[in-house]
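Student: Fold the stuff below for me.
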Amino acid sequence: MAYMLRTVILLGLLTGILLFIGSAIGGKAGLVIAFIIAAVMNFMSYWFSDKIVLTMYRAKEISYEEAPWLHQMVDDLARRANIPKPRIYLVPMEQPNAFATGRGPGSSAVAVTRGILEILNEEELRGVLAHELAHIKNRDVLIASIAATIAGAISMIVHWLQWALIFGWGRDNGNNNPLSIVGSLLLIIITPIIAAIIQMAISRSREYLADETGAYISGTPLALASALEKIHNYVTRVPAQVNEGTAHLFIENPLKGEGLMELFSTHPSTEKRIARLREIARKMGQIA
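Tutor: Numbering: from 1, shown residues only. Predicted coordinates for the structure are as follows:
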């Protein structure tokens, strides 16, 4: 419940920024046009993102005959999560990782890399798959699309303001907008940064929620914690060719950032995730 509330608050902040800059610039029409364009772009991404991402990573669907044990595992977890069984794909990538994609429970897929199948034991893999099914159950793709739509509209309006300044907006040309040139420059520099931080914070909240939901789906939070630790150690040593725009999909950020870069990371730190999973295990009576 806390994660859902945090997501609502952060989405509200993004919306507030959008309305603020639209009002400050003084063009409701421009605000509406930017929002519509961003919405159309993200609508297309929402409906076709699964096909785009799976093609991008040369993912191949795994048939039941190829890996009956994997299908049985996903089928059992899907029943426990009370969602339809998603399609299962293999990504020919040595870095151990996994992701879920699709519009929601009725149209979804989970993808595992070749590397993750090699380093995780059965319980750890079960924990990872439960995490990915949690993303599907929680409709995180939809939430990410909403956040991207708002952030995209903000970015578009800021770019318009930037070009307007270049071509003389704000000089003595009859424009009675109260913003000064300095104020406009601050909007151009600061607003996208704040929007990006909020968007990443939404993604991190959804990762925490998927960890928690997945832990209860699998019933083994410590197995997921162990898997995250293994994946984290390999990700820092085994680089992968990953599009930055899809990094948020993976269970562990394939493009690791440390320190202050965590503010702009799509994932919380692995140490924090493991600590929370251990707390869940404690609540479940699995550790003292």
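
Student: Tell me, how many residues neighbour P239?
Tutor: Other residues near P239 come to 12 when the count uses other CB atoms under 10 Å. Backbone N, C-alpha and C define where each C-beta goes, glycine included.

Student: which residues does it contact?
Tutor: Contacts of P239 were listed using CB atoms under 8 Å, 6 or more residues apart in numbering, and they are Q95.

Student: Make sure it is indeed in a helix.
Tutor: No. P239 sits outside any helix when classified using DSSP: H, G, I helix; E, B strand; the rest coil, being coil.

Student: so where is the stretch 51-200 of the chain shaky, pLDDT-wise?
Tutor: By pLDDT under 70, the low-scoring segments of the stretch 51-200 of the chain are 142, 145-153, 155, 161, 164-188, 192, 194, 196.

Student: The same query, at a cut-off of 50, please.
Tutor: Counting by pLDDT under 50, the stretch 51-200 of the chain has low-confidence residues at 171-174, 176, 178-179.

Student: Run through the helices of it in chain order.
Tutor: For the stretch 51-200 of the chain, the helices defined by DSSP state H, counting those that start in this stretch cover 68-81, 114-119, 122-137, 140-166, 181-218.

Student: host element of L224?
Tutor: helix 221-235 (DSSP states H and E).

Student: Just the local confidence number for the spatially most central residue of the chain, please.
Tutor: For the chain, H248 is the residue whose C-alpha lies nearest the centre (CA atoms, centre = their mean; 3.9 Å). Note on H248: pLDDT of 79.

Student: quick one on the thing from earlier: which helix or strand lies directly C-terminal to the helix holding L224?
Tutor: helix 270-283.

Student: who touches that next one?
Tutor: 207-208, 211-212, 215-216, 221-222, 224-225, 228-229, 232, 252, 267, 287-288.

Student: what about 6 Å?
Tutor: When contacts are defined by CB atoms under 6 Å, 6 or more residues apart in numbering, helix 270-283 is touched by residues D211, A215, P221, L222, L224, A225, L228, H232, I287.
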